[in-house]
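Visitor: give the three-dimensional model of this entry:
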Amino acid sequence: MSRKPSTGSRTPGAGSSGSSAAAVASQRVADHLRAAILSGELRPGARIMQEQVAAQLGASRLPVREALRILAAEGLTVVKSNSGAWVSRMDMAECEGVYKIRERLEPLALSESIPNLSAEQVTELEAIARQIELTTDVDRFLALDRELHLLTYAGCRVAQITDMVDRFWNTTQHYRRAFTRLAGDSGWELIHAEHRLIIEAIKRRDTVDAERFLTGHLRRTRLELAQHPELFNEDDHDTDHTADAAGAGNARNVRGDAARPAD
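Guide: Residues are numbered from 1 along each chain as shown. Predicted coordinates for the structure are as follows:
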């Protein structure tokens, strides 16, 4: 459900097909790197070598540079002129600040969304919640949890809000993974119960309760992360660390097959 920045309009005339091909190549590189970052294959602070990505994905450096610009706008990478590109990382204070913003922003997105959610979307939310309750795999949980929460915001028609929501979900993905691994059985049960409360409030079109339950859901994650400062000082977050950005044995030619969406 991530909303990707536009890669620009076409220029009429002979150059339009070339511009279109470059835009497609850039988006495919961005899709591949986004998937690697959100899955944890590329960790916070890992350096992304443009030449390596270009070689492994069969692209020139131009689409790789544009892909990194796209991901920077989404909060996933940091690009420095004449220096290079890295996967975004946060220290504990920055992560806590982002979660405090999320505690205020996402209840607003939910409140704006609820009146516009269809009965089919509510049914889908219930189905996703059931899938979440049946899994014990952290990566599957993260994918389903992201799908569930972003679907609850699907009815929000204020693009500025939903764009910020997407960006903050991207920048906190690694720390959500860490929180999930810390949760334990009782923690997972509490997550499931909170999901059920939010969905029941959505079914009643009760924006007040939905906002309250979601705020508590986010706040609890923030407070738990604050108890584990070691998560923000991992050795493999070193900004000098260089990652295999295309993934071992997983390179794909960006001139050919379409890339799988990350979200």
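
Visitor: hey, let's count contacts and neighbours off CA atoms from now on
Guide: Fine.

Visitor: just the buried positions in stretch 57-75, please.
Guide: By neighbour count on 16 or more other Cα atoms under 10 Å, the buried set for stretch 57-75 is 57-61, 63-72, 74-75.

Visitor: would you confirm that Val138 contacts Arg181?
Guide: Yes: taking contacts as Cα atoms under 8 Å, Val138 lies within contact range of Arg181: 7.0 Å.

Visitor: how far does stretch 77-88 stretch from start to finish?
Guide: 5 Å (Cα to Cα, to the nearest Å).

Visitor: that one: which residues count as buried?
Guide: Thr77, Val78, Val79, Ala85, Trp86, Val87, Ser88.

Visitor: nearest residue to the fifth one other than its sequence neighbours?
Guide: Excluding its sequence neighbours, the residue lying closest to Trp86 (Cα to Cα, 6 or more residues apart in numbering) is Arg47, at 4.3 Å.

Visitor: now for that neighbour, how many residues are close by?
Guide: Arg47 has 24 neighbours, counted by other Cα atoms under 10 Å.

Visitor: Leu134 too?
Guide: Leu134 has 10 neighbours, counted by other Cα under 10 Å.

Visitor: poorly predicted segments of the stretch 151-263 of the chain, please.
Guide: Residue ranges of the stretch 151-263 of the chain with pLDDT under 70: 234-263.

Visitor: which parts of it are strands?
Guide: For the stretch 151-263 of the chain, the strands defined by DSSP state E, counting those that start in this stretch occupy 242-243.

Visitor: now do the helices in it.
Guide: With DSSP state H, counting those that start in this stretch, the ranges of helices along the stretch 151-263 of the chain come out as 159-171, 173-203, 207-226.

Visitor: closest one to Ala109 among those?
Guide: Closest approach to Ala109 among those (Cα to Cα): helix 159-171, 6.5 Å.

Visitor: let's see the closest one as PDB, backbone CA atoms only.
Guide: C-alpha atoms of helix 159-171 as PDB (Å, rounded to 0.1, in the frame of the first residue of the first chain):
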ATOM      1  CA  ALA A 159      -2.900  12.500   1.000                       C
ATOM      2  CA  GLN A 160      -0.600  14.400   3.300                       C
ATOM      3  CA  ILE A 161      -1.600  12.200   6.200                       C
ATOM      4  CA  THR A 162      -1.300   8.900   4.400                       C
ATOM      5  CA  ASP A 163       2.000   9.800   2.900                       C
ATOM      6  CA  MET A 164       3.400  10.600   6.300                       C
ATOM      7  CA  VAL A 165       2.000   7.300   7.700                       C
ATOM      8  CA  ASP A 166       3.700   5.300   5.000                       C
ATOM      9  CA  ARG A 167       7.000   7.100   5.600                       C
ATOM     10  CA  PHE A 168       6.900   6.500   9.400                       C
ATOM     11  CA  TRP A 169       6.000   2.800   8.900                       C
ATOM     12  CA  ASN A 170       9.000   2.500   6.600                       C
ATOM     13  CA  THR A 171      11.400   4.100   9.000                       C
END
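
Visitor: give the buried residues for that helix.
Guide: Buried residues in helix 159-171, counted by 16+ other Cα under 10 Å: Ile161, Thr162, Met164, Val165, Asp166, Arg167, Phe168, Trp169, Asn170, Thr171.

Visitor: which residues does it contact?
Guide: Residues outside helix 159-171 that contact it (Cα atoms under 8 Å, 6 or more residues apart in numbering) are 2-3, 38, 74-76, 88-89, 98, 102, 105-106, 109, 153, 156.

Visitor: shaky segments in the stretch 1-150 of the chain?
Guide: Along the stretch 1-150 of the chain, segments meeting pLDDT under 70 span 1-18.
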